[in-house]
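Participant: Below are the sequence and a predicted model for it; my questions follow.
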Amino acid sequence: MTEQDPANPANVVTRFAPSPTGYLHVGGARTALFNWAFARRHGGTFILRIEDTDQARSTPESTRRIIDDLRWLGLDWDHGPDATPGAEPYSSQIGPAGPYFQSQRQHLYQEHADRLIEAGRAYRCFKTPEQLKAERDQARREKRAYKYDPTEALGLSDSTIADYLSEGRPSVLRFRMPDTDITLNDAVLGDVTIKAAEMEDFVILKSDGFPTFHLANVVDDALMGVTHVLRAQEHLMNTPKHAALQDALGFARPTYAHMPLIFNPDGTKMSKRDKAKAARNAAKDRLKQTGQDVNTLAVSLAAETAVEAGALADFIEARNDDTDTATAIASAFGVPLPEIDVHDFRRSGYLPAVLLNYVALLGWSPGNDIERFDLDFLMQQFDIERIGKSNARFDRAKLLAFNTEAITALSPTSFHKRLIKHDEAEHHFRHALGDERFRMFADCYRERTRTLDEPFVNGRFFVTEDDALTYDPKAVKKVLEKNDGAGFAVLKALADPLQACDPWSIESIEQTITAYATEHDQNLGKVAQPLRVAVSGSTVSPPIYDTLTILGKDATMARIARCLALQPAAGLAAEST
RNA sequence: GGCCCCGUCGUCUAGUCAGGUCUAGGACACCAGGUUUUCAUCCUGGUAACACGGGUUCAAAUCCCGUCGGGGUCACCA
């Protein structure tokens, strides 16, 4: 009866352990979600642990971003950095096994490393990265499989090691792998055996004294009582190392479940690189168009972004793939970047629940043809047994369809609230329109938008200055100029009646327009389209009555007048065709 | 290249563990038609898959072997 009682699994402990080196990736979001769902399903504990042992790449800013994204997604954790808005995550932490930042747990890793040394399972290695690299290159040239050879390091006498250490020679601590095969019992993949000959002694303490991922991960999982580890399949080959470490340290092995990977639609890996690539292409297109050189472009870009010219030039010439630089360039050029991180989807106007729903379907399915579900459902239904084994491609079209459906199902109030939030973060239309008109704006887009962002892109014309509105030439030609300027004629005829509308409301405008249409025996489309082009500059807008109402009488009349001025002289129009 | 994992419609998947109910179901995409003042919705219908080859069996998408294909991993990154 030493087995865990499945009826009383309150001891389930899972964790999400990101390294703070950027935004939260969608793949990370799925990992977090599954670990969260599994813990919740079993009434267990979900931990957020920050793996910031890479001094060079970890930043506090990334930590904040990740926490912010998790909160936006609606995933909460029981132990870890305090998620209360305004709390300082590094100093305010919750839970009995903290701190939850690996950078603050140095002594624990040191202790366990010492234990391994005492047990003869770890040893110092003074080979430099350069030496190691040379050996690997050599092996490659000889078409041999490279494997670290511990003979030299193991042969060092205690006194030699002491001498080297007192000289200040840099060294790492390596773990002595057992010479037996290791069989993993993966909850998704089943038994996987790795031969002893395939595994080498790996570094557990870097020369800067920080632990590697392997040591820190294993020590923390054990000390925090983690029982189940759901992680991406790219970690599969790390698992024998972790198992060996656990065995050597006398830790129980948690249950591992390795999840399939998520790829781009074209099968390439979904990575931050994709954003850099897209931004770089935009910059290169610009260079081609203008014939500028890189530095000139970098200087002019630096003027309108927060990034300095040198960094921009480096980025464009592919010397770095910095995401913030990519974002800056893309927004300067007005080109979209592929959504990769949770934050990207947030900016694109996806609902957090939809993103989670979609991402859960990548590698997991509840069966029974169920596809739409929420966190509550996952909390009750999620299980490891139904995690798939094969990699998935991320299909934005399907995500968009889910989002469209979810937005349409939102109550007007809920949609309005969310639109305000999105506006505040990204657009500031409400400031320009005022509360009442913004409310109408929200109402008329609710049933015709696929994301929270589209209204602002498609409805740009609502906030443009009347005389700054640009007209789509194709729309002008098709709707206004065609048939000897029939569209212009409609506008001209409608100007006075519209001017006479009082009050300026959907009802009065509708009455005016339908009256005109009936009188002239025209269908509504023939009347609405010229108006639409006149006030919006294009053939697309919300229903025309709503559009005019939100715009207001002054703007409507000004735009009609301005549009009429576009009309070529009657004779010219006839000749030009 | 070594080792490891995977392989059902274009994509995500149900079905595989306990072989027959699968002339393989759903969703997204796509195509056709319809509703609609534009757009976005919405409605109806349709195209479309068990990677290939052997074997086991009365019976295989389901079990076994091989081939091919895809992916992961081979760091003082996590």
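Facilitator: Perfect, I can see it now. Just so it is clear, the model here is predicted, and its values are computed rather than measured.
Participant: Any buried residues in the helix or strand encompassing A:Leu498, and which?
Facilitator: Secondary structure assigned from DSSP states H and E places A:Leu498 in helix A:482-499. Residues A:485, A:487-488, A:490-491, A:494-495, A:498 are the ones in helix A:482-499 that count as buried (16 or more other CB atoms under 10 Å). C-betas here are computed from N, CA, C, even on glycine.
Participant: So is that helix next to RNA strand B?
Facilitator: No - applying CB under 7 Å from any atom of the strand, one finds helix A:482-499 separated from RNA strand B by no less than 12.1 Å.
Participant: The very next helix or strand once past that helix - contacts with which helices or strands?
Facilitator: Per DSSP H and E, the first helix or strand lying C-terminal to helix A:482-499 is helix A:506-519. The contact analysis (3 or more CB pairs under 8 Å, 6 or more residues apart in numbering; DSSP states H and E) places helix A:506-519 against helix A:482-499, helix A:524-536, helix A:544-551.
Participant: Now these in JSON lines, please, with extra columns for mean pLDDT.
Facilitator: Written out in JSON lines, the entries for the helices and strands packed on helix A:506-519 read as follows (pLDDT from 0 to 100):
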{"stretch": "helix A:482-499", "mean pLDDT": "80"}
{"stretch": "helix A:524-536", "mean pLDDT": "87"}
{"stretch": "helix A:544-551", "mean pLDDT": "92"}
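Participant: May I see the ones you listed organised as CSV, with distance to A:Thr512 added?
Facilitator: Formatted as CSV, the helices and strands packed on helix A:506-519 follow (distance: least, CB to CB, whole Å):
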stretch, distance to A:Thr512
helix A:482-499, 5
helix A:524-536, 10
helix A:544-551, 10
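Participant: Go through the ones you listed and name the closest to A:Asp69.
Facilitator: helix A:544-551 (33.1 Å; CB to CB).
Participant: From what I see, A:Arg49 and A:Met224 are in contact.
Facilitator: Yes - counting by CB atoms under 8 Å, A:Arg49 touches A:Met224, with 7.2 Å between them.
Participant: Now for these two: what residues contact both?
Facilitator: A:Arg15 (CB atoms under 8 Å, 6 or more residues apart in numbering).
Participant: who's more crowded, the two?
Facilitator: Neighbours per residue, other CB atoms under 10 Å: of A:Arg49 and A:Met224, the larger number sits with A:Arg49, 27 against 21.
Participant: how many other residues sit next to A:Thr160?
Facilitator: 12.
Participant: From A:Asp322, how far out is it?
Facilitator: Separation of A:Thr160 from A:Asp322 (CB to CB, to the nearest Å): 44 Å.
Participant: tell me how far stretch A:150-163 is from the chain's mean position?
Facilitator: 47 Å (CA atoms, centre = their mean, to the nearest Å).
Participant: Could you confirm whether it reaches RNA strand B?
Facilitator: No - with CB under 7 Å from any atom of the strand as the criterion, RNA strand B is not reached by stretch A:150-163; the gap is at least 11.5 Å.
Participant: buried ones in that stretch?
Facilitator: A:153, A:156, A:161.
Participant: Nearest spatial neighbour of the last one, chain-adjacent residues omitted?
Facilitator: Spatial nearest neighbour of A:Ile161, excluding adjacent residues (CB to CB, 6 or more residues apart in numbering): A:Arg124 at 5.6 Å.
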